[in-house]
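> how would this look folded up:
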Amino acid sequence: MATVLAPEIALTPSAAARVATIAAKQGKPAILRLAVDGGGCSGFQYRFGFADAIESDDTVAELDGVMLVVDSVSLDLVRGAAVDYVEELGGAAFRVTNPNAASGCGCGSSFSV
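Numbering: from 1, shown residues only. Have a look, this model is predicted:
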């Protein structure tokens with residue numbers, strides 16, 4: 001059974017709105033999965049994708065009908081983080097503000113603990 005613990009991970013209103021828009025266009029459920037993989041220039045890298053369902057070991061944060069899911073292994077590395085959607089001059093992207101990251105790369109897609 002999935003665990004719903006909003007304080008563990010958060011989704012900002014901007015990110016929720018963007019996920020809802022993309023999911024509606026693709027005809028998919030509004031479920032954004034955040035996972036952490038080894039690699040990237042700083043040791044770990046964030047991976048985003050749309051999920052069709054919530055897995056039994058997922059922690060779920062929900063905002064405005066949009067769900068952010070994180071598996072139990074990745075959660076240890078992003079506990080307390082917030083996922084935002086940012087539009088800047090250089091482009092638009094989902095961005096993770098991770099209090100567990102000791103350092104990160106310039107592009108913001110990888111980090112170390």
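
> Now do the strands in this protein.
Counting by DSSP state E, the chain has these strands, from start to end: 3-4, 9-11, 31-38, 44-50, 59-63, 66-70, 81-88, 91-97, 103-104, 110-112.

> Tell me the confidence at the residue in the chain sticking out farthest from the centre?
The C-alpha centroid of the chain is most remote from residue 89, which lies 21.8 Å away (CA atoms, centre = their mean). Predicted confidence (pLDDT) for residue 89: 80.

> Among the strands of the chain, pick out the one with the most neighbours on average.
strand 66-70 (a mean of 24; mean count of other CB atoms under 10 Å). Placement of C-beta: from N, CA and C, glycine included.

> give me every residue that touches the nearest residue to residue 79 once chain neighbours are set aside.
What sits nearest to residue 79 in space, not counting adjacent residues and going by CB to CB, 6 or more residues apart in numbering, is residue 8, at 5.7 Å. Contacts for residue 8 (CB atoms under 8 Å, 6 or more residues apart in numbering) come out as 59, 61, 70, 75, 79, 80.

> Residue 16 versus residue 8, what's the distance?
With the distance defined as CB to CB, to the nearest Å, residue 8 ends up 16 Å from residue 16.

> what about the residue nearest to residue 50 when sequence neighbours are not counted, neighbour count?
Leaving aside its chain neighbours, residue 50 sits nearest to residue 28 (5.1 Å; criterion: CB to CB, 6+ apart). As a burial measure, the neighbour count of residue 28 was computed by other CB atoms under 10 Å and equals 13.

> from memory residue 28 sits against residue 53, does it?
No - Residue 28 is not in contact with residue 53 according to CB atoms under 8 Å; the separation is 10.8 Å.

> biggest helix in this structure by residues?
Looking across the chain with DSSP state H, the single longest helix is helix 13-26.
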